[in-house]
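Enquirer: no sequence for this one, just the structure:
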């Protein structure tokens, strides 16, 4: 008789059960939660102490020396950290609360913040009714959208390990809609919308692609080693036995560089890949991860087409369109994709992150364009400069995500997250998020920038 294989982690199976057999939430709740988190960013600009001078103050507090190789020389580091801390209170703390202790009141939360934002706009409390900075406004809104998704992703990857995080927001087993199901797709789409291909710039050479993908491959192996134990063959993960999120990102980057597709054909090719039947035979233990690469690649290609259509004038010019031109089109596309995702989920095939099917892709597109569309309403708020925190994360998006994974691993090694009280879990999440924000802010202040994607 074979000896039962024992795990190096006594609570490993408990954690597997904690994140298994989940069905997600409804599309309506997902729509509402996405709306409330996006509006929080706008309210920060309306009520935030440094919202009017967030970007300008950061520039004023720092001076770039022509002889210091791009590093910033501080005039008042303490004031910069104070601004960063205020932004943390206005943006990150509500993010944590709305996805944990206030999650059961999502619809009430959405209605409240929406009415508050509407009141601010109609009352004209902050000056003129409408202001727009054209290209500069659109550039800031795109950055704010990307940062908002990254912040939410960084918070959720740790919060999901605690009981305070609703199970309906955690990743589903195979079919279903949840907040964390959208993480991988949103990351891929956010990069494709402003990629070199979307701007009409020729694709990277394979050598450069391998250089940009190598950190992702390294993180993939690191994640594999850190999560594996002597019984790893017993449990099949969401992408298979050995596959994980970082391998998927690396595969998409390499595929995009090997196959040079013009922006005008990206959307068509992406839809063809999605509609094509993928093999169902068990060719490897990682069939889910391998085959889903083509789904995520198709999402990337669709994102390239949308980015080129919405934000850039033509294939030969990487200049941005104005925010006014793109705003209506973003909203029309978002609502159209929400309707299409609902129809596909109900009448064709359930949304599946694991397979990255057509229903999943349309849901990712709908949710991301909704976030972008709400943030584009910032032109109705005169003080719509990027906050210091948003600027900091925008400079090192992928690096901040990698750091968040490292910090998440440290927390899981130090704390048994399954048996932590709600108060302690909330405190841990706040400290984790604050340390991450300080680290990213420190890198921004001293001009440290990491480029992976």
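Expert: The structure has been received and is ready for your questions. The shown structure was predicted, so the numbers you read here are calculated from the model rather than taken from an experiment.
Enquirer: residues contacting residue 117?
Expert: Contacts for residue 117 (Cβ atoms under 8 Å, 6 or more residues apart in numbering) come out as 39, 42, 43, 46, 377. No exception for glycine: its C-beta is placed from N, CA and C like everyone else's.
Enquirer: Surely the last one is in a helix?
Expert: So the one you mean is residue 377. Yes. Counting by DSSP: H, G, I helix; E, B strand; the rest coil, residue 377 is located in a helix.
Enquirer: Quick check: closest non-adjacent residue to it.
Expert: Among residues not flanking residue 377 along the chain, residue 42 sits closest, at 6.4 Å (Cβ to Cβ, 6 or more residues apart in numbering).
Enquirer: Helix, strand, or coil at that neighbour?
Expert: Here residue 42 is recorded as helix under three-state DSSP.
Enquirer: what about it, how many neighbours?
Expert: As a burial measure, residue 42 scores 24 neighbours (other Cβ atoms under 10 Å).
Enquirer: wait, isn't it in contact with residue 376?
Expert: No. With contact defined as Cβ atoms under 8 Å, residue 42 does not reach residue 376; the gap is 9.8 Å.
Enquirer: wait, what's in contact with the residue nearest to residue 377?
Expert: Contacts for residue 42 (Cβ under 8 Å, 6+ apart) come out as 117, 374, 375, 377, 378, 381.
Enquirer: What helices and strands are in contact with the helix or strand hosting residue 436?
Expert: When elements are assigned from DSSP states H and E, residue 436 belongs to helix 422-445. When contacts are defined as 3 or more Cβ pairs under 8 Å, 6 or more residues apart in numbering; DSSP states H and E, helix 422-445 packs onto helix 77-87, helix 93-98, helix 135-159, helix 388-395, helix 397-414.
Enquirer: ok, now with 6 Å
Expert: Packing contacts for helix 422-445, counted by 3 or more Cβ pairs under 6 Å, 6 or more residues apart in numbering; DSSP states H and E, involve helix 388-395, helix 397-414.
Enquirer: Give me the angle between the shortest one and helix 77-87.
Expert: It refers to helix 388-395. Interaxial angle, helix 388-395 versus helix 77-87 (axes from the mean of the first three to the mean of the last three Cα atoms, to 10 degrees): 90 degrees.
Enquirer: now the angle between helix 397-414 and helix 388-395, please.
Expert: If you take the same axes, to 10 degrees, helix 388-395 sits at 100 degrees to helix 397-414.
Enquirer: contacts for helix 388-395?
Expert: Helix 388-395 is touched from outside by 54-55, 58, 83-84, 87, 143-144, 147, 150, 400, 440-441, 444, 449, with contacts defined as Cβ atoms under 6 Å, 6 or more residues apart in numbering.
Enquirer: change it to 8 Å
Expert: For helix 388-395, contacts defined as Cβ under 8 Å, 6+ apart pick out 41, 50, 54-55, 57-58, 80, 83-84, 87-88, 91-92, 143-144, 146-147, 150-151, 386, 400, 437, 440-441, 443-445, 449.
Enquirer: quick one on the thing from earlier: adding mean pLDDT, write the helices and strands packed on helix 422-445 out as a markdown table.
Expert: Below are the helices and strands packed on helix 422-445 laid out as a markdown table (pLDDT from 0 to 100):
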| stretch | mean pLDDT |
| --- | --- |
| helix 388-395 | 91 |
| helix 397-414 | 88 |
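Enquirer: before we move on, the earlier item: a markdown table for the contacts of residue 117, including distance to residue 121 and pLDDT?
Expert: Below are the contacts of residue 117 laid out as a markdown table (distance: Cβ to Cβ, whole Å; pLDDT from 0 to 100):
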| residue | distance to residue 121 | pLDDT |
| --- | --- | --- |
| 39 | 11 | 93 |
| 42 | 9 | 88 |
| 43 | 11 | 87 |
| 46 | 9 | 76 |
| 377 | 8 | 86 |
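Enquirer: Which of those residues has the largest number of neighbours?
Expert: Comparing the contacts of residue 117 by number of neighbours (other Cβ under 10 Å), residue 42 comes first, having 24 neighbours.
Enquirer: Check the gap between it and residue 147 for me.
Expert: Separation of residue 42 from residue 147 (Cβ to Cβ, to the nearest Å): 13 Å.
Enquirer: could you list every residue that touches residue 98?
Expert: Residue 98 makes contacts with 33, 36, 37, 40, 106, 109, as judged by Cβ under 8 Å, 6+ apart.
Enquirer: any weak-confidence spans in the stretch 351-453 of the chain?
Expert: For the stretch 351-453 of the chain, the stretches with pLDDT under 70 are 382-384, 451-453.
Enquirer: Do a quick rundown of the strands in the stretch 251-400 of the chain.
Expert: Remark: strands assigned in the stretch 251-400 of the chain by DSSP state E, counting those that start in this stretch are 312-314, 317-320.
Enquirer: Worst mean pLDDT among the ones you listed?
Expert: The weakest mean pLDDT among these belongs to strand 317-320, with a mean of 52.
Enquirer: quick revisit: between the contacts of residue 42, which sits nearest residue 178?
Expert: Nearest to residue 178 out of these is residue 374 (Cβ to Cβ; 20.2 Å).
Enquirer: what about that closest one, how many residues close to it?
Expert: Neighbours around residue 374, by other Cβ under 10 Å: 26.
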